[in-house]
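S.K.: take a look and give me a structure for this.
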Amino acid sequence: MRIIRWNCRGLGGAPTVRYVASMTTATSPSIFFLSETKCTRRRANDVSFPPKLRNKFFLSLRMVSSTPFIACIECPPEKRFRFENWWLLQEDCKQVVQRSWTADSCASMPLRLRRLSFDLSHWAGAHRLNLRAQLDSTFQQLTKLQRLPLSDPARKKEGSLTAMYEDLLYKQELFWAQRAKDNWIRFGDRNTTYFYAKAS
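M.R.: From the prediction side, this is the model:
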């Protein structure tokens, strides 16, 4: 099925009729939709359309009000993708990259990069929440363990929990260090309070 829609101005003039005739001959549309806002039904009926458009009908829109409808559409600015250093410390980061990159080897480079940034952002969002939860959980376990009587098993477990907690803190430190660097690049070269606070 071929449909032609034309927002026409000056329906009924000889050039318009000739144009419609040549267009229908060349394309043989199933439906030919003409939009003319200043043409009455009587005027439209007087137009000599080509024989191919014999099954014609006219639809007049009734104006309910002259008050305009204003649509305001606000699109949030697209968030830029930024690779974060602490992702490299996660064991499954490499797997996410490989799986996303090889999902469609025939896709174009920009498309593969967009998909990779989406997959990494989605993966990182879950891990960021998990990082906070792990920090809280490990800290609570350490606090409870340190209240217990001292023993060899407790000392070993405390050592492993401490190492885990320090590793989690390092990941969090990398995360905030990169965020602070981004802010410095954005605001640090300006003559602002932020610059003087960081410089002092």
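
S.K.: low pLDDT regions in the chain?
M.R.: For the chain, the stretches with pLDDT under 70 are 9-14, 36-41, 43-78, 181-200.

S.K.: C-terminal to the longest helix seen in it, what's the next element?
M.R.: Taking DSSP state H as the criterion, the chain has its longest helix at helix 109-147. Sequence-wise, the next helix or strand downstream of helix 109-147 (DSSP states H and E) is helix 152-187.

S.K.: elements contacting that next one?
M.R.: helix 109-147, helix 193-199 (3 or more CB pairs under 8 Å, 6 or more residues apart in numbering; DSSP states H and E). C-beta here means a position set from N, CA and C on the backbone, and glycine is covered the same way.

S.K.: out of the ones you listed, which one sits most buried?
M.R.: Counting by mean count of other CB atoms under 10 Å, helix 109-147 has the highest mean neighbour count of these, with a mean of 13.

S.K.: which elements pack onto it?
M.R.: Counting by 3+ CB pairs under 8 Å, 6+ apart, helix 109-147 packs on helix 93-101, helix 152-187.

S.K.: can you verify I4 is assigned to a helix?
M.R.: No: according to DSSP: H, G, I helix; E, B strand; the rest coil, I4 belongs to no helix; its state is strand.

S.K.: could you measure from it over to V20?
M.R.: 9 Å (CB to CB, to the nearest Å).

S.K.: picking up where we left off before, tell me what angle the longest helix of the chain forms with helix 93-101.
M.R.: Orientation check (axes from the mean of the first three to the mean of the last three CA atoms, to 10 degrees): helix 109-147 against helix 93-101 gives 150 degrees.

S.K.: phi and psi next, for E84.
M.R.: phi -110, psi 140 (degrees, to the nearest 10).

S.K.: state the number of residues packed around it.
M.R.: Using other CB atoms under 10 Å, E84 has 18 other residues around it.

S.K.: domain-wise, how is this protein divided?
M.R.: 3-53, 85-199 (automatic domain parsing).

S.K.: out of those, which comes closest to K79?
M.R.: Closest approach to K79 among those (CB to CB): domain 85-199, 8.2 Å.

S.K.: tell me the phi and psi of L34?
M.R.: The phi/psi pair for L34 (degrees, to the nearest 10) is phi -110, psi 130.

S.K.: no, scratch that, I was asking about C106
M.R.: Dihedral angles (degrees, to the nearest 10) for C106: phi -90, psi -10.

S.K.: do I have it right that L89 meets L174?
M.R.: Yes: in this structure L89 lies within contact range of L174 using CB atoms under 8 Å: 7.4 Å.

S.K.: mind checking which of these two has more residues around it?
M.R.: For L89 versus L174, neighbours defined as other CB under 10 Å are more numerous around L174 (16 against 12).

S.K.: these two touch, right, W86 and A177?
M.R.: No: at 9.1 Å, W86 does not count as touching A177 under the criterion of CB under 8 Å.
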